[in-house]
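Novice: Following is a predicted model, sequence given first.
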Amino acid sequence: METRYNTKLSTDESLFVRGPLSRFKELTFAFKVFFNFINAFRKMHFIGLSVTVFGSARFTQESEHYKAAEKIGAELTKLGFTVLTGGGPGIMEAANKGAFEAGGYSVGCNIILPFEQKPNPYLHKWINIPYFFLRKVILVKYSYAFVIMPGGIGTLDELFEALTLIQTKVIQDFPVVIYDSEYHRELWKHIEMMAKSESISQEDIKLLFMTDSVDDLIKHIETHAIQKFGLTKKPRWWLLETFNLNKKTNQNEKK
């Protein structure tokens, strides 16, 4: 009988999602996930309030998308945010570079892959994460806004993950900004079509802001994150919170 599995898949995650495993293997995987969660929490605890920038790993430094992401990273730093990315090359590197060179704090959650992905050189702190689902949790957990740059399937996955969590009120309605209207034109048409077909509500469209202006992007985040959620630029130095915004109220209120 022909198997439907790609024999080249060998990671723990790919083995886990193939179907039921032995109880021992299931338990072993659960412990590995738990260990990686604890490790991530320990590494990320003091990074301060962050904005996550999503985008393709494949754009080079000569790309206009790279240059825009670099500027966005620098401007987010001026607002006092930590710039958080997937930690790899392309758009992720650009946003981290912008923050790094502007004197801000630059952090990456690097996914362990056999190709494309390795930590970029513009990170003050990073963590290597072996599981996609765990990485998405961490990128959401510490963010008060999400910037969606031009990207591929992974970027769209992260966009709709954030929107689903906001729509279902798992997290608050943090700003989700899509940058580059030409690149995302067909995506925006599809979202409007979903609203017209009533598979989403018209209110759901308001969860998104699309722009071609870095200034407008920064202003939107300032209004809908800093002002809306009462963030301040006064770090609590006794908790080693530097470079970052801090919430006036309990940070656990985020979720």
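Specialist: Yep, it's here.

Novice: gap between the longest helix seen in the chain and the chain center?
Specialist: Counting by DSSP state H, the longest helix found in the chain is helix 23-44. Put simply, helix 23-44 sits 21 Å off its chain's centre (Cα atoms, centre = their mean, to the nearest Å).

Novice: What of stretch 59-72?
Specialist: 17 Å.

Novice: can you offset everything so residue one is 757?
Specialist: Happy to do that; since the first residue is 757 now, the last one works out to stretch 815-828.

Novice: what sits up against that stretch?
Specialist: Stretch 815-828 is contacted from outside by 809, 811-812, 846-847, 849-851, 853-854, 903, 905-906, 935-936, 939, 970, 973-974, using Cβ atoms under 8 Å, 6 or more residues apart in numbering. Heads up, the C-betas are built off the backbone N, CA and C, glycines and all.

Novice: what about 6 Å?
Specialist: Stretch 815-828 has contacts (Cβ atoms under 6 Å, 6 or more residues apart in numbering) with Gly846, Ile847, Ala850, Ala851, Lys853, Gly854, Met905, Pro906, Val970.

Novice: For the third one, give me its contacts.
Specialist: Put plainly, it is Ala850. Ala850 sits in contact with Tyr822, Ala825, Glu826, where contact means Cβ under 6 Å, 6+ apart.

Novice: Dump those residues to JSON lines, plus pLDDT and distance to Phe787.
Specialist: Compiled in JSON lines, these are given as follows (pLDDT from 0 to 100; distance: Cβ to Cβ, whole Å):
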{"residue": "Tyr822", "pLDDT": "98", "distance to Phe787": "39"}
{"residue": "Ala825", "pLDDT": "98", "distance to Phe787": "37"}
{"residue": "Glu826", "pLDDT": "98", "distance to Phe787": "40"}
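
Novice: quick one on the thing from earlier: of the contacts of stretch 815-828 - the most surrounded one?
Specialist: Ala851 (35 neighbours; other Cβ atoms under 10 Å).

Novice: what about His801, neighbour count?
Specialist: 12.

Novice: ah, wrong one, I meant Lys799
Specialist: Per other Cβ under 10 Å, the neighbour tally for Lys799 reads 17.

Novice: Just the pLDDT at it, thanks.
Specialist: The confidence metric pLDDT takes the value 94 at Lys799.

Novice: Verify the contact between it and Ile883 for me.
Specialist: Yes: between Lys799 and Ile883 there is a contact under Cβ atoms under 6 Å: 4.6 Å.

Novice: and Tyr898, how many residues sit next to it?
Specialist: 23.

Novice: ditto for Pro877
Specialist: When neighbours are counted by other Cβ under 10 Å, Pro877 registers 10.

Novice: Against Ser862, how distant is the residue nearest to it when sequence neighbours are not counted?
Specialist: Distances taken as Cβ to Cβ, 6 or more residues apart in numbering put Glu849 closest to Pro877, at 7.9 Å, once the chain neighbours are dropped. Between Glu849 and Ser862 the computed distance is 10 Å (Cβ to Cβ, to the nearest Å).
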